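Undergrad: prediction below, plus the sequence it came from.
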Amino acid sequence: MVEPVPYVFERLQRNYGDFPGVALENVAVADRDGRLPFYHLREADGEERAQLPGWYDGIGSFSRDTVVSHIRHIPDIESRLVVTDVPCLTFDSLCEKHGLGALDLLLIDTEGYESEILENLDLNRRSPRLLVFEHYHLSQEARDACRSRLLAAGYELLEEGFDTWCLGPRATASVRALWRQLSPGVPAVSATDEAK
């Protein structure tokens, strides 16, 4: 589990730090190893927190504009904005550090950075059975490029709400048969759609 925001990472440690088989990393996944500026919102106290959306702590990105785009839900977002220089690993570096090869599940929710992670993901080497990525903050062009790349690699895709669910070619025939019976519970939506 990866979380770059220090105060959110502390909460992750409290909640999952003692679980066997769970490794926690206080880093961001990026296109290179090193350190990069990361935009997020300052920690809110209990009383203040009750007035904010439940997903408040989940807003963080390499893009300042993506974070600030939540202004319609958090009118004072500019005064809450923090930039922190965070350690970064590429997805391959993260997997190598933890001895991971092929993956069963990969969940990517990076507030608009999903396409960069997917672009740098070696789908032959890692080949997640199920890959879920948030498409909400992606441009239509980036969303189409992600879809094309995954379809070309043998994935079957289902868009629902903010996310795209992708069943990989390593899925068993029985899972694939069940998958093909699924339909979205809610239509796919993006920030671009909501801005119209």
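TA: Perfect, I can see it now. Here the structure is a predicted model, which is why all the values come from computation and not from measurement.
Undergrad: tell me where the chain has helices.
TA: 6-16, 46-49, 64-68, 77-80, 91-97, 114-119, 140-152, 173-179, 191-195 (DSSP state H).
Undergrad: make TSV from those and add mean pLDDT, mean neighbour count and distance to Asp33 to it.
TA: (C-beta placed from N, C-alpha, C; glycine too.) Putting those into TSV (pLDDT from 0 to 100; neighbours: other C-beta atoms under 10 Å; distance: least, C-beta to C-beta, whole Å) gives the following:
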stretch	mean pLDDT	mean neighbour count	distance to Asp33
helix 6-16	95	14	18
helix 46-49	88	9	34
helix 64-68	94	17	22
helix 77-80	97	14	29
helix 91-97	94	16	5
helix 114-119	94	19	14
helix 140-152	96	15	23
helix 173-179	96	11	35
helix 191-195	78	12	29
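Undergrad: of all those helices, which lies closest to Tyr56?
TA: Closest approach to Tyr56 among the helices of the chain is made by helix 46-49 (7.1 Å; C-beta to C-beta).
Undergrad: using PDB, write out every CA atom in that closest one.
TA: Taking only C-alpha atoms (Å, rounded to 0.1, in the frame of the first residue of the first chain), the coordinates of helix 46-49 have been written out as PDB:
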ATOM      1  CA  GLY A  46     -12.000  16.800  14.100                       C
ATOM      2  CA  GLU A  47     -14.600  19.600  14.200                       C
ATOM      3  CA  GLU A  48     -13.400  21.100  10.900                       C
ATOM      4  CA  ARG A  49     -13.200  17.600   9.400                       C
END
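Undergrad: dihedrals phi and psi, the residue nearest to the spatial centre of the chain?
TA: Nearest to the mean C-alpha position of the chain, by C-alpha atoms, centre = their mean, lies Asp109 at 1.3 Å. Reported as degrees, to the nearest 10, the phi and psi values for Asp109 are phi -140, psi 90.
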